[in-house]
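Chemist: Curious how this folds, go ahead:
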Amino acid sequence: MKRTIFLRYLTGALLALGSSFACADNYPSKPIKAIVPFAPGSATDQIGRAFAAKMAESLGQPVVVENRPGANGMIGADVVAKSPADGYTLLFGTNSTNAALKSLVKNLPYNQDTAFTPIGYFGSVPLIVAINNDVPAKSLNGFVSIAKANPGKMTFAYASTSQRVSSEMLANDAGIKMTGVSYKSGPNAMTDLIGGQVNMFTADFAVTLPQVQAGKIRGLAVTSLKRSPAIPELPTVNEALGIKNYELIAFFAAFGPAGMPKDAVLKLNKAINDAAKSKELTERFASMGFETQPGSPEALGQKIKLETDKWAKAIKAAGMEAE
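Modeler: The predicted structure is shown next:
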């Protein structure tokens, strides 16, 4: 009798083990949902959709992008943090969702350090400091002079953490006071910059560069340490103001809920790296200063730790406090 029971348990265990291996081998067996925590048309959305299409080619299943904008990416990130860790709900996150929010929000609805599984790194882009054409400044130094003469009267738009922190850092480093205006999306903020409702907007190339090139706004500087090949005539913030060590770039990467199966993580990572190496994708986004950097899930995990520390220091230096 005991032997019969033991054999039943053994058979059940072997069947369960075989089933788990079969599930792992069959992943993905249905469409994957990728949450973009920012609005359609944003850099995260454009880059995310391009990666999703390439990933689908490698995985043999659609990767369906769903936009969940709001609260600097927190709303979309929270959806993924609370989703099943089965590999079918991903976060196409950024420095906002996976590095900076920890220092900006007192009561995050999830633990940023433990809520996600790092999967794969997409790449990074610098930002452009731009102003409305009616602002009588032809350079960043000129804009700073106007702001110094009118403390608190110059306004800047922001719809993400990188946009806000970059502007606050700039104000801190330049010794000026500006008033921030929050927007739900980058495209909405850009509309108001063009219309003159705000004076300055520091945002990624996807949102700013086309408008700068069309003459609808005036680009003053880029936020990277080196000038961008996409618009080499613009100086860096460091060059424009005669300072050192100002740098703020946005990055993009894929994450899943904590506890994802290793096999699924590795398959997704390979699909992301294949996309990052795609000539079609890299050439498509070269104009926005996008640089890919394929790597392992472990490398992304280490990068997130370093970026979280970096953004904490940047936020503190900008005089910002968690709200």
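Chemist: can you pull out the strands in the stretch 101-250 of the chain?
Modeler: Taking DSSP state E, counting those that start in this stretch as the test, the strands found in the stretch 101-250 of the chain are 116-125, 127-132, 155-158, 179-182, 200-204, 217-222, 250-257.
Chemist: most packed of these?
Modeler: Comparing the strands of the stretch 101-250 of the chain by mean neighbour count (mean count of other C-beta atoms under 10 Å), strand 200-204 ranks first with a mean of 29. (Glycine included, C-beta is placed from N, CA and C.)
Chemist: what angle do that one and strand 250-257 make?
Modeler: Here strand 200-204 runs at an angle of 60 degrees relative to strand 250-257 (axes from the mean of the first three to the mean of the last three C-alpha atoms, to 10 degrees).
Chemist: Now tell me what touches strand 200-204 from outside.
Modeler: With contacts defined as C-beta atoms under 8 Å, 6 or more residues apart in numbering, strand 200-204 is touched by 42-43, 125-132, 135, 143, 154-160, 162-163, 166-167, 170, 178, 186, 189-190, 193, 208, 217, 223, 250, 288.
Chemist: how much space between the nearest residue to residue 135 once chain neighbours are set aside and residue 154?
Modeler: Spatially, and ignoring its direct neighbours in sequence, residue 135 is nearest to residue 199 (5.4 Å; C-beta to C-beta, 6 or more residues apart in numbering). Taking C-beta to C-beta, to the nearest Å as the measure, residue 199 falls 5 Å from residue 154.
Chemist: Pull up the overlap in contacts between these two.
Modeler: Common contact partners of residue 199 and residue 154 (C-beta under 8 Å, 6+ apart): residue 178.
Chemist: wait, what's in contact with the residue nearest the centre of the chain?
Modeler: Nearest to the mean C-alpha position of the chain, counting by C-alpha atoms, centre = their mean, stands residue 94 at 2.2 Å. Shown in contact with residue 94 (C-beta under 8 Å, 6+ apart): 37-38, 44, 73, 160-162, 250-253.
Chemist: Could you single out the nearest of these to residue 106?
Modeler: Closest to residue 106 out of these is residue 161 (14.7 Å), distances taken as C-beta to C-beta.
Chemist: ok, now which ones touch the closest one?
Modeler: Residue 161 sits next to 72-73, 94-96, 100-101, 104, 311 when contact means C-beta under 8 Å, 6+ apart.
Chemist: Just confirm residue 310 contacts residue 99, I think it does.
Modeler: Yes - Residue 310 is within contact range of residue 99, at 7.4 Å (criterion: C-beta atoms under 8 Å).
Chemist: Which of these two has more residues huddled nearby?
Modeler: Using other C-beta atoms under 10 Å as the criterion, residue 310 and residue 99 rank with residue 99 on top: 26 against 16.
Chemist: quick one: the more buried one from residue 269, how far?
Modeler: Note on residue 99: its distance to residue 269, by C-beta to C-beta, is 19 Å.
Chemist: Where does the record place the domain boundaries for this structure?
Modeler: According to automatic domain parsing, the chain comprises the domains 30-124+250-317, 127-241.
Chemist: would you list these in TSV and tack on distance to residue 323?
Modeler: Converted to TSV, the domains of the chain look like this (distance: least, C-beta to C-beta, whole Å):
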stretch	distance to residue 323
domain 30-124+250-317	7
domain 127-241	11
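Chemist: Which parts of the stretch 1-150 of the chain are helices?
Modeler: 2-26, 43-59, 74-81, 95, 101-104, 140-149 (DSSP state H, counting those that start in this stretch).
Chemist: For residue 159, give me the pLDDT.
Modeler: If you check residue 159, the pLDDT there is 87.
Chemist: for residue 23, same thing?
Modeler: Per-residue pLDDT puts residue 23 at 47.
Chemist: Who's the closest spatial neighbour of residue 275, skipping the chain neighbours?
Modeler: Computed as C-beta to C-beta, 6+ apart, the closest residue to residue 275 that is not its neighbour in sequence is residue 54, at 3.5 Å.
Chemist: sorry, that was for residue 160
Modeler: residue 96 (5.1 Å).
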